[in-house]
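pasting a predicted model and its sequence here:
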Amino acid sequence: MRLTLTFPTAALLATVAIDPAAAASYEIPNSLHLGSVEAEYTAGCGNIDGPRVFPRPNATSYDWWYFDVVSTSSANESVTVVFYESSSTAFLSLYPPLLAASITGTLADGSSYDIGVVPENGVLDSAIIEADGDSISGIWQGTGFSFRGSEGLTKYVIEIDNPLYEVSGTVTFEAIAPPHLPCGLYEPGETEVILPGVGWSNALPGALANVNLTVKGHPISFSGIGYHDKNWGDVSFYSAVQSWYWGHAQLGPYTLVWFDAISKEGDEWVSGYVARDGEIVHADCEVDVVKVRPFGDNSAYPPEALSGDASGFTIEYNLGEKGMLRANVTAEAVQLGAIVYWRDIGAISGGFVGQEQYTGRALWDQIKLP
């Protein structure tokens, strides 16, 4: 049986084909799989947000769920929450395999925090993931971290309660733009490959988000632009990626997502997404359509390994008859920085060339591997 799901708000006019019978339950033990794995890189009829590496990651594979919010109600504030199935041999992670959760963020004064949590009972804990065509939930046992998506994956909530690490509260998301994959909409048969060996799906390109947390006794409350995606791979991230620029923003009425990477083979891979008022304007992966380039400090291209944080980026979407959308993001605060990886928040300005220009808020990261 097949069903066409129409987004419940007037702004979300796109439709997504789902199979409501494609329900599945997964219990992921907190230990690496010792054999070979299989990864899904072609969309099926099930859940855009479900697990993609089976039976679970081994030492050279990974699967994770990523969420962030950048504030529009205050200066500098942001938060990122990630649910990991990974190890340091597969991805940029310092956590023991396999399960972990992390929360990082920036405060109003520009300072940052970074808390990583592993299951308190070690291998006795598991991740419990329930997914069907209309919803998903994930509980990382022993961490106090969980998430769930509902109403056709247009609404998400993260719940955190970990007294040991002194972090608790909720983060909520309500979609303002339809989901997509690297080269188009989420439809059966569509590729999920964002570059060879790396899968990607974007359930929430843009969302209205509310953050209500307490971190180390410090209350954190703000609203802003939310985002959620997931990445996975059946080979080590280090063996697939040389460099990586990714980010998202709300630029006036436009929801933007960009990706521009160089594979280990030296090839450039891109993905670009533009939505306006909940309708998709562009979603594609053509190299001559999307271009992301750094400017200011550490702006050599191709990127130089270990070269540090760039001052900002210029993002261009060459949309043919629709025109050229060009925007600049300028870093104002570093949420996370660690030699080969930088995650920044800041201002974005731009629009279609020759048309009205806008401002907004953005969050992005960059990876430069040796």
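Alright, I've got the coordinates.

tell me the buried residues in stretch 283-298?
283, 284, 285, 289, 290, 291, 292, 294, 298 (16 or more other Cβ atoms under 10 Å). All C-beta spots, glycine's among them, are computed from the backbone N, C-alpha and C.

now do the end-to-end distance for that stretch.
29 Å (Cα to Cα, to the nearest Å).

of all residues in this protein, which one is nearest the centre?
Centroid-nearest residue in the chain, with Cα atoms, centre = their mean: residue 229, separated by 3.6 Å.

Three-state assignment for that one, please.
Assigned by DSSP: H, G, I helix; E, B strand; the rest coil, the conformation of residue 229 is strand.

same deal with residue 239?
Under the three-state scheme (three-state DSSP), residue 239 adopts helix.

how close does the nearest residue to residue 197 once chain neighbours are set aside sit to residue 367?
Spatial nearest neighbour of residue 197, chain neighbours left out: residue 240 (3.6 Å); criterion: Cβ to Cβ, 6 or more residues apart in numbering. Residue 240 sits at a distance of 11 Å from residue 367 (criterion: Cβ to Cβ, to the nearest Å).

cool, and residue 81?
In this structure, residue 81 and residue 367 are 19 Å apart, going by Cβ to Cβ.

what does residue 199 give?
16 Å.

give me the more crowded residue out of the two.
More crowded of residue 199 and residue 367, by other Cβ atoms under 10 Å: residue 199, with 23 against 19.

hey, what's the more buried one bridged with?
In this structure, residue 199 bridges to residue 193, residue 232 when assessed by DSSP bridges.

tell me which residues touch it, please.
39, 40, 41, 52, 192, 193, 231, 232, 233 (Cβ atoms under 8 Å, 6 or more residues apart in numbering).

of those residues - the most surrounded one?
residue 233 (30 neighbours).

residue ranges with poor pLDDT in the protein?
For the chain, the stretches flagged by pLDDT under 70 are 1-22.

try it again with 80
Low-confidence segments of the chain, defined by pLDDT under 80: 1-23, 45-46, 93-94, 133.

need the nearest residue in space to residue 209, chain neighbours excluded.
Distances taken as Cβ to Cβ, 6+ apart put residue 226 closest to residue 209, at 3.0 Å, once the chain neighbours are dropped.

what's the local residue count around that neighbour?
Counted with other Cβ under 10 Å, residue 226 comes out at 28.

tell me where the stretch 101-250 of the chain has strands.
In the stretch 101-250 of the chain, the segments counted as strands under DSSP state E, counting those that start in this stretch are 112-117, 126-131, 136-140, 145-150, 155-162, 167-175, 193-195, 198-215, 218-233, 241-251.

in TSV: the ones you listed, plus distance to residue 64.
Conversion of the strands of the stretch 101-250 of the chain to TSV gives the following (distance: least, Cβ to Cβ, whole Å):
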stretch	distance to residue 64
strand 112-117	13
strand 126-131	11
strand 136-140	11
strand 145-150	12
strand 155-162	14
strand 167-175	17
strand 193-195	14
strand 198-215	11
strand 218-233	6
strand 241-251	14
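
for the closest residue to residue 295 other than its chain neighbours, give me its contacts.
Distance criterion Cβ to Cβ, 6+ apart; nearest residue to residue 295, sequence neighbours excluded, is residue 312 at 5.6 Å. By Cβ under 8 Å, 6+ apart, residue 312 lies in contact with 294, 295, 296, 328, 329, 330, 331, 346.

for residue 312, give its distance to residue 58.
Counting by Cβ to Cβ, the gap from residue 312 to residue 58 is 38 Å.

nearest to residue 72 among the contacts of residue 199?
residue 231 (25.6 Å; Cβ to Cβ).

wait, doesn't that closest one sit right on residue 66?
Yes - Residue 231 lies in contact with residue 66 (Cβ atoms under 8 Å); the separation is 7.1 Å.

list the buried residues in stretch 317-330.
317, 318, 319, 325, 326, 327, 329.

let me fix that, I meant to ask about stretch 157-168.
The neighbour-count check on stretch 157-168 (16+ other Cβ under 10 Å) flags 157, 158, 160, 162, 165, 167 as buried.

quick revisit: want to throw the contacts of residue 199 into CSV with distance to residue 101?
Below are these laid out as CSV (distance: Cβ to Cβ, whole Å):
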residue, distance to residue 101
39, 22
40, 23
41, 25
52, 18
192, 23
193, 26
231, 15
232, 17
233, 19
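
nearest to residue 265, out of these: which one, please.
Of all the contacts of residue 199, residue 265 sits closest to residue 193, with 13.8 Å by Cβ to Cβ.

what about the closest one, distance to residue 55?
21 Å.

same question for residue 335.
Counting by Cβ to Cβ, the gap from residue 335 to residue 55 is 33 Å.
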